[in-house]
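A.B. asks: this one's structure only:
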């Protein structure tokens, strides 16, 4: 609990995770008299809200990534450490990596969350989620390979399964994936194939709750439903997946059970806190919620450990509305800034009132000039919402890295309906028309998430 | 040998390979009364001359790739077939894929070449070559991981090995890789690390012959040597690698044997025709040279088979200068155009004189404003050569795909010295500081080259 600073030894802040929470903690502390170590397994910050555009062939990974060392090049109080945290020791105040130990005075854990397969982790191989660059490349490979395999397939049933895309989860990611795949099938790829008519593709969006985009107002949710419907996406609400196996998705709406053959199932549902939550629970005795998120104190600290904070998707902060704040970038960003302020305050002998999330609103892209934006009093749909969505995303993208090129690219793609990034790459990049259950999992997938699984 | 066309059945041209040779054959035939099938394992054409910029973090794969279906969207006589050719049957005039057979009237084989490890294929795992997008991503991963591992390494000897980069082969690819890595180490990354001084990095370029860039004039080759030297690259000519093992490169200059510990060895030497060369030799009896390239007739056809052509890197065309033409894009492009013209001519009842390569000159990028250009009479070095290099590459990049964004990106990178694409990604993306001989090969690597190995 030592929050003190020697004259020659600046206060040591260790941040685990370079997502929005960790990045904004470090950035806010960039000029403070502290010594920051930012630990991540990846050498770049990922602008996750745009990851679906990589998965659907509009952008390249580098367009939405900022090398962490470049971001902190001029922050001389910050060192970036690439490494995997295996444990923490709150008594000794140490973070344990594979091959070294990093001491801290204050620890900020910002390792995020994954999708949850609701106990059915065996579905993961059939229905990948969208959290990492590798996930996006893999999803991109599956989407475009499905069209390619359909072009070669002569059996009409198999062809139908290849042209059926099922997206599980009706949050922003699911909605954005469904909209983007619909635009691909019904617009962009129309002229590209000779044997198939891509507009015969079926895109199915399954949502457990009674409406898509539950975080926005019911009225906007309805507008999004209607816009997606016009694009050609079929939406099933109150629907739960009961099985995914042998290229067949089984789902239940009420008592009705339906089976749909589909070669491409994408997962955008559920929340599962990353493994650092479990480590924290074991080492500090802090409680986690059923999703594995750490239940934090009103100041985002861990109960009993005033110098350990959890920010972003891994934190369950329920002190404001009674239920956990959503796992979105603005929450993580504000939490990072708050904790940075609190650390500085403590060093100067004062404290801060509890964290308060200033809700900036919710928004989701549906199609190339369709979006929904809920700012509380102001609600937008259609083209104006799309422009707003674009401006907001560009603003945050360029805040810490000059992404002029991305902006130009978007504009260009908008004019030309181009999907220049639709490469099928990666180790499984060569066309395989074998049944999905044989070749669908990709070795090393698990390996990619040692911190997160 | 049937080169005839029925009224309702257009002449069937099958092209294997969507590189420069295959692409330009198909494009030149786009308006001819033929039915074209372009077979490739990948869904995109790769602008290989810029692949080294992906490997060194300047560009993204999509920046230098054009989806084949997009290129041929409006060529209604052309269908793109994603698939792996396993065999050909010249008697039946059929190309055999894993799961189908494609009949042809004329066959154009343009499957290219790989690097040759001179019989030491076991070096491949330690010293990857640069032929595919996956190769580039893997090399990028190794380069940036080496700097990251050095930042964490406390043993000075190991750190030195991590900061030693050895490039084998002094052709354009080797020179461009060496120059780009030197710029990274001595310029771009200077401020990014806290524990290491990246300018302590050693970059070694090994060349078997007596000078680098043997295809350009000795004077320009000397200029390139001096420019690379100024950038910090150490060049060893008349030097042959005798072993690569356990992170140690052994090489021989004259009688002198030297060993250099290095964690990052890149291979840019030798030529080995892709496996279709062997298939052609077996099925048609055509002769291959020791590098596995098909020795073609003066009209690029295969001896005894007037309707089978080989273009690009896989062809050994020695009828012009007595030695094989170099494996560069302009040769492949011109050969593709020639064969397309010959096919059209035959259909109209005339033939063409033998293929003649119109030498457009050679050029190589050295650094951010350094290049060498040899146009025969005109020889350029330095900044003006760099501008020329840029214009030429942009011209060819945008010829069949609008790559405006790439141009803007280059300009932007030039001003900001930015390496925005320096992501460490892929299945082995997480930092491993283990000895290279344990984790260096990446599973699936072989799988990526079924046509080419």
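C.D. replies: Here it is on my side, so go on. Computed from a predicted structure; not experimentally measured.

A.B. asks: Helices of chain A, start to end?
C.D. replies: Using DSSP state H, the helices found in chain A span residues A:20-28, A:51-55, A:68-71, A:133-152, A:156-162, A:172-183, A:218-231, A:276-284, A:329-347, A:382-399, A:404-416, A:436-439.

A.B. asks: Briefly note if the fourth one comes near chain B.
C.D. replies: Read that as helix A:133-152. Yes. Under the criterion of CB under 8 Å from any CB of the partner chain, helix A:133-152 makes contact with chain B via A:133, A:134, A:137, A:144, A:148, A:151, A:152. From N, CA and C alone the C-beta is placed, and that goes for glycine too.

A.B. asks: which secondary structure elements does that helix contact?
C.D. replies: When contacts are defined as 3 or more CB pairs under 8 Å, 6 or more residues apart in numbering or on different chains; DSSP states H and E, helix A:133-152 sits against helix A:51-55, helix A:156-162, strand A:264-267, strand B:78-82.

A.B. asks: just so I know, which of these lies nearest residue B:181?
C.D. replies: Shortest separation from residue B:181 across those is recorded for helix A:51-55, at 26.7 Å, computed as CB to CB.

A.B. asks: packing partners for that closest one?
C.D. replies: Counting by 3+ CB pairs under 8 Å, 6+ apart, the packing neighbours recorded for helix A:51-55 are helix A:133-152, helix A:172-183.

A.B. asks: could you give the mean pLDDT of the last one?
C.D. replies: To tie it back to what came earlier, the one meant is helix A:172-183. Over the span of helix A:172-183, the pLDDT mean works out to 95.

A.B. asks: residues making contact with it?
C.D. replies: Residues outside helix A:172-183 that contact it (CB atoms under 8 Å, 6 or more residues apart in numbering or on different chains) are A:49, A:52-53, A:55-56, A:58, A:130, A:139, A:143, A:165, A:167-168, A:201, A:203, A:205, A:207, A:212-213, A:224, A:228, A:231-233, A:266, A:268-269, A:328, A:362-368, A:370.

A.B. asks: Next, report how far that helix is displaced from the centre of its chain.
C.D. replies: In terms of CA atoms, centre = their mean, to the nearest Å, the centre of helix A:172-183 is set 14 Å apart from its chain centre.

A.B. asks: now it against helix A:133-152, angle please.
C.D. replies: 30 degrees (axes from the mean of the first three to the mean of the last three CA atoms, to 10 degrees).

A.B. asks: Pull out the buried positions in helix A:172-183.
C.D. replies: For helix A:172-183, a neighbour-count test (16 or more other CB atoms under 10 Å in any protein chain shown) marks A:172, A:173, A:174, A:175, A:176, A:177, A:178, A:179, A:180, A:181, A:182, A:183 as buried.

A.B. asks: Now do stretch A:17-28: everything it contacts.
C.D. replies: Judged by CB under 8 Å, 6+ apart, the contacts made with stretch A:17-28 from elsewhere in the structure are A:13, A:15-16, A:36, A:38-40, A:42, A:44-46, A:48, A:68, A:71-72, A:75, A:78, A:80, A:108-112, A:276, A:311-314, A:329, A:332-337, A:339-341, A:400, A:451.

A.B. asks: let me fix that: stretch A:217-228
C.D. replies: Among residues not part of stretch A:217-228, those counted as contacts by CB under 8 Å, 6+ apart are A:175, A:178-179, A:182, A:205, A:211-214, A:216, A:235, A:364, A:366-367, A:370, A:372-374, A:379, A:381-382.

A.B. asks: Relative to the whole chain's centre, how far out is it?
C.D. replies: Its chain's C-alpha centre and that of stretch A:217-228 lie 22 Å apart, by CA atoms, centre = their mean.

A.B. asks: Now it: buried residues?
C.D. replies: Of all the residues in stretch A:217-228, those buried under the rule 16+ other CB under 10 Å are A:220, A:221, A:223, A:224, A:225, A:227, A:228.

A.B. asks: want to throw those residues into JSON lines with pLDDT?
C.D. replies: Written out in JSON lines, the entries for the buried residues of stretch A:217-228 read as follows (pLDDT from 0 to 100):
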{"residue": "A:220", "pLDDT": "91"}
{"residue": "A:221", "pLDDT": "94"}
{"residue": "A:223", "pLDDT": "92"}
{"residue": "A:224", "pLDDT": "93"}
{"residue": "A:225", "pLDDT": "95"}
{"residue": "A:227", "pLDDT": "93"}
{"residue": "A:228", "pLDDT": "95"}
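
A.B. asks: out of these, who's nearest chain B?
C.D. replies: Closest approach between these and chain B, by CB to the nearest CB: residue A:228, at 25.9 Å.

A.B. asks: and stretch A:249-259, how far apart are its ends?
C.D. replies: Across stretch A:249-259, the straight-line distance between its terminal residues is 6 Å, by CA to CA, to the nearest Å.

A.B. asks: what does it contact?
C.D. replies: Stretch A:249-259 is touched from outside by A:166, A:168, A:206, A:236, A:238-244, A:248, A:260, A:262, A:265, with contacts defined as CB under 8 Å, 6+ apart.

A.B. asks: For that stretch, give the mean pLDDT please.
C.D. replies: Stretch A:249-259 shows a mean pLDDT of 95 in the predicted model.

A.B. asks: Quick one: name the residues of the stretch 1-150 of chain A near chain B.
C.D. replies: For the stretch 1-150 of chain A, the contact set with chain B under CB under 8 Å from any CB comprises A:41-44, A:60-63, A:65-67, A:69-70, A:73-74, A:79, A:81-84, A:99-100, A:133-134, A:137, A:144, A:148.

A.B. asks: Quick check: mean pLDDT of stretch A:290-310?
C.D. replies: In the prediction, stretch A:290-310 has an average pLDDT of 98.

A.B. asks: Stretch A:198-210 too?
C.D. replies: 96.

A.B. asks: Point out where chain A drops to low pLDDT.
C.D. replies: Applying pLDDT under 70 to chain A flags residues A:1-8, A:398-421, A:426-453.

A.B. asks: Go again with 50.
C.D. replies: The model of chain A has pLDDT under 50 over residues A:1-6, A:429-453.

A.B. asks: For residue A:286, which residues are in contact?
C.D. replies: Listed by CB under 8 Å, 6+ apart, the contact set of residue A:286 reads A:280, A:294, A:295, A:302, A:303, A:304, A:305.

A.B. asks: if I read this right, the first one contacts residue A:109, doesn't it?
C.D. replies: Yes. Shown here, residue A:280 and residue A:109 form a contact pair, counting by CB atoms under 8 Å, at 6.4 Å.

A.B. asks: my guess is residue A:373 meets residue A:385, correct?
C.D. replies: Yes. Taking CB under 8 Å as the definition, residue A:373 is a contact partner of residue A:385 at 4.4 Å.

A.B. asks: Mutual contacts of the two, please.
C.D. replies: Jointly contacting residue A:373 and residue A:385 under the rule CB under 8 Å, 6+ apart are residue A:363.
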